[in-house]
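A.B. asks: Sequence and predicted structure below; questions after.
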Amino acid sequence: MQKLKKLVSYYSPVNRWALKVLARNLIVFRKTWATNIAFNIVEPLLYLAALGAGLGVMVEDIEGMSYTQFIAPGIVATSAMWAAAAECSYDSFVRMHFQKIYHAIVATPINLEEVVVGELLYGTFKSVLSGTVIMGVIAALGLVLSPWALFTPVVLVLNGLVFSQIAMIWTGIVPKIDNFAYFFTLIVTPMFLFSEVFFPLDVLPQILQQLAWLLPLYHVVALLRALTIGLVSAELIYHVMWLIIFILLIFPLPQLLMRRRLIK
Amino acid sequence: MIVVEAQSLQKNYNGFPAVAGIDFKIHRGECFGILGPNGAGKTTVVAMIYCFLPISGGKLTVLGKDVTLEPRSIKTKLGVVPQENNLDLELTVRENLLVYAGYYGICRSEAQKRAKELLHFFGLSTKADQEVEQISGGMKRRLTIARGLIHTPEILILDEPTTGLDPQSRRLIWEHLRKLKKRGLTLILTTHYLEEASQLGDELIIMDKGKILEEGKPLELIKKQVGAKVVEVEISPGQSHALLGTLENLISGYQIAGNTIYLFVAEDENAAVELINSSGYVQTYRVRPSNLEDVFLKLTGRGLDYAETEETGFIL
């Protein structure tokens, strides 16, 4: 019983206090959004141009899609991943360590766990925003074939929560801001390359295909690709469940690590 | 009425006792000073009061509530001014106050009104719409205090409020704190500036190495520990004991630091001065009113800046 109570307590910071932390970040975002979002959008479009229009000319159609169509949903997923990962690593670290914003907030009725959840919600917000904008651009380029793509933001919420949390776990651990380089090299970049964004995984050896199943981004890409081409089936539930379970399982970790880091 | 009460309060960091079982009471409306050198445990004590650090032992109640059980309802009624400025650099002066008001759930129009009043009180009205980066250190400090008052707390906790400020900014902050005290606000203040402690503190505890060495009102503490006057005497080290021998009955204690002896005069400084003059050992001397630093020196054998004195003696 005691253990169950403890377990539930990790999910209780999803509350109105956490929303106040989100509100603080949104107020800052309102001042800086132009520069903030521009980078998030320009880069994925460069990828799409170089790989789609450049490399794509030399690549055969994949599963009936042009190469540009094939990679477009993956570009949406990866740029949304980058947005969440960057927000809850570098940006959160600056707020926590250099600006001492967390310390300022926990002196008010808000506690540290709620600060962490507020940060995760903000990372998710930025992730959903940049992914949705890019999906819009891709649709305008005629690369989206089905109205199912309107469900993109729902998938991006899951994506945003996953990568905000993974990044926040690192923020709870890394001694110095430079150490985030490991996070991006060891976690984010492999995710970017091996989640069926650029090529169908069945060209890889069996073992690597199975390993890809462990990557959250793989499930996000599968969902977004199905939505953009309108190939929606009950099987997709399985990817959704994978992501939800992953989110719930790791949810206590960012809170625990941040408490261990800041409160001696 | 007691607003904060600590009983055998302890805090350990990995087994190291930063606060080693202390007791104190803070009453409503007073300015309670915690004085001591860096590392004495002052910040740890206040961080436990504002429920940032969990206590390791003993009991701590704030406004009648246990810090381990009801931190949220305690924090709602406290204002905190931390040692390090942690203002929101991405926001303007006014926005800092408004966003902070949001954390307490204060409605927008009420927050606007409070912010306006506080900016006026702290002389920051003309800076309201500037970025925090652009204002001076003293102003940042005042803004941090204003921020701690946005929700009209019952107690304001100030951790080294004037450390790192120039004398003018320091005096300005003292002026504001005095006004707040007059309005009946309870202040808890840590400091290693003796002048600050004696200017503002109604009640003081003097801490060193996690323990309380002495407590009381500043003037009473001085009177009790070192008497009203101190005679500082320059003398060559070999002769200090000879001098002390002749003064034995007239002083309550002494300290030797290099070529200087500090003599705590028991009753009549004139008699002591006469003896010093006629002793023939003394090059120069100076009589001055004693202060908290003398108290601290006497209690610890070293100054607040860590300078060890070579010898301390007390004649009871």
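C.D. replies: Thanks, I have it. Numbering: from 1, shown residues only, chains lettered A, B, ... in the order given.
A.B. asks: OK, contacts around B:Asp23?
C.D. replies: B:6-9, B:212 (Cβ atoms under 8 Å, 6 or more residues apart in numbering or on different chains). The way it works is simple: take the backbone N, C-alpha and C, and place the C-beta from them, glycine included.
A.B. asks: buried subset of those residues?
C.D. replies: B:6, B:9, B:212 (16 or more other Cβ atoms under 10 Å in any protein chain shown).
A.B. asks: The second one against B:Lys59, yeah?
C.D. replies: Yes: when contacts are counted by Cβ atoms under 8 Å, B:Leu9 is listed as touching B:Lys59 (7.2 Å).
A.B. asks: ok, how many other residues are close to whichever residue of the stretch 201-316 of chain B sits closest to chain A?
C.D. replies: Among the residues of the stretch 201-316 of chain B, B:Gly210 lies closest to chain A, at 14.8 Å counting by Cβ to the nearest Cβ. Other residues within reach of B:Gly210, judged by other Cβ atoms under 10 Å in any protein chain shown, total 22.
A.B. asks: Then the one 4 residues further on?
C.D. replies: By the measure other Cβ under 10 Å, the count of residues near B:Glu214 is 17.
A.B. asks: how close does it sit to B:Leu297?
C.D. replies: As judged by Cβ to Cβ, to the nearest Å, B:Glu214 and B:Leu297 stand 12 Å apart.
A.B. asks: how about the helices in chain A?
C.D. replies: In chain A, the helices defined using DSSP state H lie at A:2-9, A:16-47, A:67-86, A:92-93, A:101-106, A:112-140, A:152-173, A:180-183, A:189-193, A:206-212, A:216-229, A:236-250, A:252-262.
A.B. asks: Show me what the fifth one is packed up against.
C.D. replies: When contacts are defined as 3 or more Cβ pairs under 8 Å, 6 or more residues apart in numbering or on different chains; DSSP states H and E, helix A:101-106 packs onto helix A:16-47, helix A:112-140, helix A:252-262.
A.B. asks: from those helices, which stretch is densest packed?
C.D. replies: Highest mean neighbour count among the helices and strands packed on helix A:101-106 (mean count of other Cβ atoms under 10 Å in any protein chain shown): helix A:112-140, with a mean of 24.
A.B. asks: Just the mean pLDDT for that helix, thanks.
C.D. replies: Averaging pLDDT along helix A:112-140 gives 95.
A.B. asks: quick one, that helix and helix A:236-250 angle?
C.D. replies: 150 degrees (axes from the mean of the first three to the mean of the last three Cα atoms, to 10 degrees).
A.B. asks: List the residues that contact B:Ser290.
C.D. replies: Here B:Ser290 is in contact with B:222, B:226-230, B:264 (Cβ under 8 Å, 6+ apart).
A.B. asks: ok, 10 Å please
C.D. replies: B:222-223, B:225-231, B:262, B:264-265, B:298 (Cβ atoms under 10 Å, 6 or more residues apart in numbering or on different chains).
A.B. asks: ok so, going back, common neighbours of B:Glu214 and B:Leu297, please.
C.D. replies: Common neighbours of B:Glu214 and B:Leu297 (Cβ under 10 Å, 6+ apart) are B:Gln225.
A.B. asks: What separation is there between the closest residue to B:Tyr50 other than its chain neighbours and B:Val62?
C.D. replies: In space, and not counting its chain neighbours, B:Tyr50 is closest to B:Val80: 4.9 Å by Cβ to Cβ, 6 or more residues apart in numbering or on different chains. B:Val80 is 12 Å from B:Val62, where distance means Cβ to Cβ.
A.B. asks: what's the overlap in contacts for the two?
C.D. replies: Going by Cβ under 10 Å, 6+ apart, residues that sit against B:Val80 and also against B:Val62 are B:49-51, B:155, B:157, B:188.
A.B. asks: Quick one: the residues you listed as CSV, columns for neighbour count, secondary structure and pLDDT too.
C.D. replies: What follows is the shared contacts of B:Val80 and B:Val62, written out as CSV (neighbours: other Cβ atoms under 10 Å in any protein chain shown; DSSP: H, G, I helix; E, B strand; the rest coil; pLDDT from 0 to 100):
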residue, neighbour count, secondary structure, pLDDT
B:Ile49, 25, helix, 98
B:Tyr50, 23, coil, 97
B:Cys51, 25, coil, 96
B:Ile155, 22, strand, 97
B:Ile157, 26, strand, 97
B:Ile188, 24, strand, 97
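A.B. asks: Can you tell me which of the residues you listed is nearest A:Glu63?
C.D. replies: Nearest to A:Glu63, judged by Cβ to Cβ, of these is B:Cys51 at 57.5 Å.
A.B. asks: Return the residues in contact with the residue nearest to the closest one when sequence neighbours are not counted.
C.D. replies: Spatially, and ignoring its direct neighbours in sequence, B:Cys51 is nearest to B:Pro71 (3.7 Å; Cβ to Cβ, 6+ apart). Contacts for B:Pro71 (Cβ under 10 Å, 6+ apart) come out as A:106, A:109, A:111, B:50-52, B:54, B:62, B:65.
A.B. asks: Show me what from the stretch 1-150 of chain A comes close to chain B.
C.D. replies: Proximity of the stretch 1-150 of chain A to chain B, by Cβ under 10 Å from any Cβ of the partner chain, involves residues A:16-17, A:19-21, A:23-25, A:27-29, A:31-32, A:94-95, A:98-112, A:114.
A.B. asks: Relative to A:Met1, which of the helices and strands packed on helix A:101-106 is closest?
C.D. replies: helix A:252-262 (18.1 Å).
A.B. asks: orientation of that closest one relative to helix A:152-173 in degrees?
C.D. replies: Using the same axes, to 10 degrees: helix A:252-262 against helix A:152-173 is 30 degrees.
A.B. asks: Can you verify B:Arg286 is assigned to a strand?
C.D. replies: Yes: the assignment for B:Arg286 is a strand, going by DSSP: H, G, I helix; E, B strand; the rest coil.
A.B. asks: so it sits right up against B:Glu234, yeah?
C.D. replies: Yes: if you go by Cβ atoms under 10 Å, B:Arg286 and B:Glu234 touch, sitting 8.7 Å apart.
A.B. asks: In terms of neighbours, single out the busier of those two.
C.D. replies: Using other Cβ under 10 Å, the more surrounded residue of B:Arg286 and B:Glu234 is B:Glu234, with 14 against 10.
A.B. asks: What score does the closest residue to B:Leu172 other than its chain neighbours have for pLDDT?
C.D. replies: What sits nearest to B:Leu172 in space, not counting adjacent residues and going by Cβ to Cβ, 6+ apart, is B:Gly138, at 6.6 Å. Per-residue confidence at B:Gly138 stands at 92 (pLDDT).
A.B. asks: Remind me which helix or strand B:Gly138 belongs to.
C.D. replies: For B:Gly138, the host element (DSSP states H and E) is helix B:137-148.
A.B. asks: Skipping adjacent residues, who's closest to the residue nearest the centre of chain B in space?
C.D. replies: The centre of chain B sits closest to B:Thr191, judged by Cα atoms, centre = their mean, with a distance of 3.0 Å. Leaving aside its chain neighbours, B:Thr191 sits nearest to B:Ala197 (5.4 Å; criterion: Cβ to Cβ, 6+ apart).
A.B. asks: Just to be sure, the one you found is in a helix?
C.D. replies: Yes: under three-state DSSP, B:Ala197 falls within a helix.
A.B. asks: Please work out how many residues are found near it.
C.D. replies: B:Ala197: 26 neighbours (other Cβ under 10 Å).
A.B. asks: can I assume it is in contact with B:Gly216?
C.D. replies: No: look at B:Ala197 against B:Gly216 with Cβ under 10 Å: they stay out of range, at 11.9 Å.
A.B. asks: Now do the shared contacts for those two.
C.D. replies: By Cβ under 10 Å, 6+ apart, the residues touching both B:Ala197 and B:Gly216 are B:204-206.
A.B. asks: Turn those into TSV, including secondary structure, distance to A:Met191 and pLDDT.
C.D. replies: As requested, the shared contacts of B:Ala197 and B:Gly216 are exported to TSV (DSSP: H, G, I helix; E, B strand; the rest coil; distance: Cβ to Cβ, whole Å; pLDDT from 0 to 100):
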residue	secondary structure	distance to A:Met191	pLDDT
B:Leu204	strand	58	94
B:Ile205	strand	55	95
B:Ile206	strand	57	93
